[in-house]
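Trainee: give the three-dimensional model of this entry:
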Amino acid sequence: MIPARSSTLLGAFAALALALPVAAADAIKIAHVDPLSGPFALVGESDARMLRAAIDAVNENGGVLGGTKLELQSFDSKSSPQEAVLIFKQIVDSGIRFISLGSGSHIAHALNESINKHNSRNPGDAVLLLNIAAQDPPLTNEKCSFWHFRWEGHTDMRVNALVDFIAKQKGTPKVYLINQDYAFGQAISKGAKEMFPAKRPDIKIVGDDLHPLGKVKDFAPYVAKIKASGADSVLTGNWGPDLSLLIKASKEAGLNVVYYTLNAHNPGVPGSIGKAGDGHIRQIFSWHANIADNKLEKYAADYKKRFNEDLWLALPKLQIDMLAKAINTAGSADPVKVAKALHGMRFQGETGEVWMRPDDHQAIMPEYIATFSKAGGPVKYDAEGTGYGWKTDIRIEGKDMALPTTCKFEVPQ
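Mentor: Now for the predicted structure:
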């Protein structure tokens, strides 16, 4: 029998315990992998800020699973696949099961292979690869994996849209290809050389250069080749300083071409283009600040006020929003359950419906082609204070962006 005094004390302790707030569940950690040092650090650091803003927005709205917070931890890939493999071990050892990947298809391949091996050996301890920007087509074709999800359209999808646009131009464009010599740039070169003849055999590819990734300091020799070729159009997937320096050399040489790009919105690039880009740079986007019915206008303004930089990519927010929905739908942060919730998910994004296609885990959504133009009229917001921003030429619906896939993977039971 419990003495009366002890019984009273136990009752008091019980009442106190009920009065105390329940401790929140441990935060769900997300590893962000990107180049945070070296020539491409500007892009990686910006990706980290955009992910942080997206995670903060989810947390401010109550988090997931009734109050659990998301937490970001960044890791420097140093643009090295070998470094990415070492980072993966650190991530797993830290208990992190979700990886948000920024730049680098070569990094994506290394992580994809590591994750496939890890998950096959540790089925109860799976890791997911959530890919914002690595665009090599095999990642959602012959190298696809149930554990990999990609938000950015792959290069064949985006190049196909650009080639369609170029093919509709008057006259007979002469196109020069210049790209970085790794999986991403090689895929652009390969895709363009297949697509132009199929769409308009009269369009001539007058040059095709692949250059070392992040190693060229002076693009003047390449620009001289472009000028000598007689090209009026240049198709390039160059990003970061490899694009900034290419544009700089073009300006200095007075090269009068239209650049068709996949990455001219990267931080630092609009500032390097400036007035010389007026009407001479076209870009394919999943979002930009001057699209019609811009539902991210306030979010972008708040982001710029907080970080003193333009919001140049909406995919980090879209990725985190869809991840949060998947966690809530699964009722769990278990990666297998979350992956099954993402598999085939249809999500109403800020530009329209986003479909995480179950065949290959390639997100299908609307995209835009826009021209770098003087601010005013439809160009409400300039880029990086240049007085020039993006003006939409066309919007391409998701069904028209989609391409067939060769992916085959098994869905875990």
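Trainee: what comes up buried for stretch 297-314?
Mentor: Residues of stretch 297-314 classed as buried: 297, 299-300, 303, 309-314 (neighbour count, 16 or more other C-beta atoms under 10 Å). No exception for glycine: its C-beta is placed from N, CA and C like everyone else's.
Trainee: determine how far that stretch lies from the middle of the whole chain.
Mentor: 16 Å (C-alpha atoms, centre = their mean, to the nearest Å).
Trainee: can you check stretch 306-321 too?
Mentor: Counting by C-alpha atoms, centre = their mean, stretch 306-321 comes out at 10 Å from the chain centroid.
Trainee: residue ranges with poor pLDDT in the protein?
Mentor: Scanning the chain for pLDDT under 70 picks out the ranges 1-25.
Trainee: coming back round to it: which one of the buried residues of stretch 297-314 is nearest residue 37?
Mentor: residue 309 (18.7 Å; C-beta to C-beta).
Trainee: Three-state assignment for the closest one, please.
Mentor: Following DSSP: H, G, I helix; E, B strand; the rest coil, we place residue 309 in the coil state.
Trainee: ok, it - contacts?
Mentor: Applying C-beta atoms under 8 Å, 6 or more residues apart in numbering, we find residue 309 in contact with 46, 49, 267, 303.
Trainee: residue 247 versus that one, what's the distance?
Mentor: Residue 309 is 19 Å from residue 247, where distance means C-beta to C-beta, to the nearest Å.
Trainee: max pairwise distance over the buried residues of stretch 297-314: which two?
Mentor: So, the buried residues of stretch 297-314 by C-beta to C-beta: farthest apart are 297 and 309, at 16.3 Å.
Trainee: helix, strand or coil for residue 89?
Mentor: Taking three-state DSSP, the label given to residue 89 is helix.
Trainee: and the furthest pair within the contacts of residue 309?
Mentor: Of all pairs drawn from the contacts of residue 309, the widest gap by C-beta to C-beta lies between 267 and 303 and measures 12.6 Å.
Trainee: for the residue nearest to residue 275 when sequence neighbours are not counted, give its distance to residue 279.
Mentor: Computed as C-beta to C-beta, 6 or more residues apart in numbering, the closest residue to residue 275 that is not its neighbour in sequence is residue 388, at 6.8 Å. For residue 388, the distance to residue 279 equals 10 Å [C-beta to C-beta].
Trainee: hang on, the earlier thing: touching, the residue nearest to residue 275 and residue 376? I think so.
Mentor: No. The criterion here is C-beta atoms under 8 Å, and residue 388 misses it with residue 376 at 10.0 Å.
Trainee: so what's residue 389 bridging to?
Mentor: Taking DSSP bridges as the rule, residue 389 bridges to residue 373.
Trainee: got the contact list for it?
Mentor: 270, 288-290, 372-373, 375, 379-383.
Trainee: which one of these is nearest to residue 330?
Mentor: Using C-beta to C-beta, the contacts of residue 389 come closest to residue 330 at residue 288, 32.5 Å.
Trainee: now the closest one: how far from residue 121?
Mentor: For residue 288, the distance to residue 121 - C-beta to C-beta - is 43 Å.
Trainee: which of these two has more residues huddled nearby?
Mentor: Taking neighbours as other C-beta atoms under 10 Å, residue 288 and residue 121 compare with residue 288 leading, 24 against 8.
Trainee: once you drop chain neighbours, what's closest to the more buried one?
Mentor: residue 390 is the one closest to residue 288 (C-beta to C-beta, 6+ apart), at 4.3 Å.
Trainee: the one you found contacts residue 283, correct?
Mentor: Yes. Shown here, residue 390 and residue 283 form a contact pair, counting by C-beta under 8 Å, at 6.8 Å.
Trainee: what sits in contact with each of the two?
Mentor: 265, 370, 372.
Trainee: pull the number of nearby residues for residue 411.
Mentor: Residue 411: 11 surrounding residues under other C-beta under 10 Å.
Trainee: neighbours of the closest residue to residue 366 other than its chain neighbours, how many?
Mentor: Closest residue in space to residue 366, ignoring its immediate chain neighbours: residue 352 at 4.8 Å, by C-beta to C-beta, 6+ apart. Burial of residue 352 is recorded as 13 neighbouring residues (other C-beta under 10 Å).
Trainee: centre of the chain versus stretch 85-93, how much separation?
Mentor: A distance of 21 Å separates the centroid of the chain from that of stretch 85-93, by C-alpha atoms, centre = their mean.
Trainee: buried ones in that stretch?
Mentor: Neighbour-count burial for stretch 85-93, counted by 16+ other C-beta under 10 Å, picks out 87-88, 91-92.
Trainee: stretch 378-397 too?
Mentor: Residues 379, 381-384, 386, 388-392, 395-396 are the ones in stretch 378-397 that count as buried (16+ other C-beta under 10 Å).
Trainee: tell me the one of the residues you listed nearest residue 183?
Mentor: residue 396 (24.2 Å).
Trainee: tell me how far that closest one lies from residue 153.
Mentor: From residue 396 across to residue 153, the span is 10 Å (C-beta to C-beta).
Trainee: list residues touching both of those two?
Mentor: residue 367.
Trainee: what packs against the longest helix along the chain?
Mentor: Identified as the longest helix of the chain according to DSSP state H is helix 41-60. Here helix 41-60 touches strand 28-34, strand 70-76, helix 297-307, helix 315-330, going by 3 or more C-beta pairs under 8 Å, 6 or more residues apart in numbering; DSSP states H and E.
Trainee: now, of those, which is deepest in the fold?
Mentor: Among the helices and strands packed on helix 41-60, ranked by average contacts under mean count of other C-beta atoms under 10 Å, first place goes to strand 28-34 (a mean of 23).
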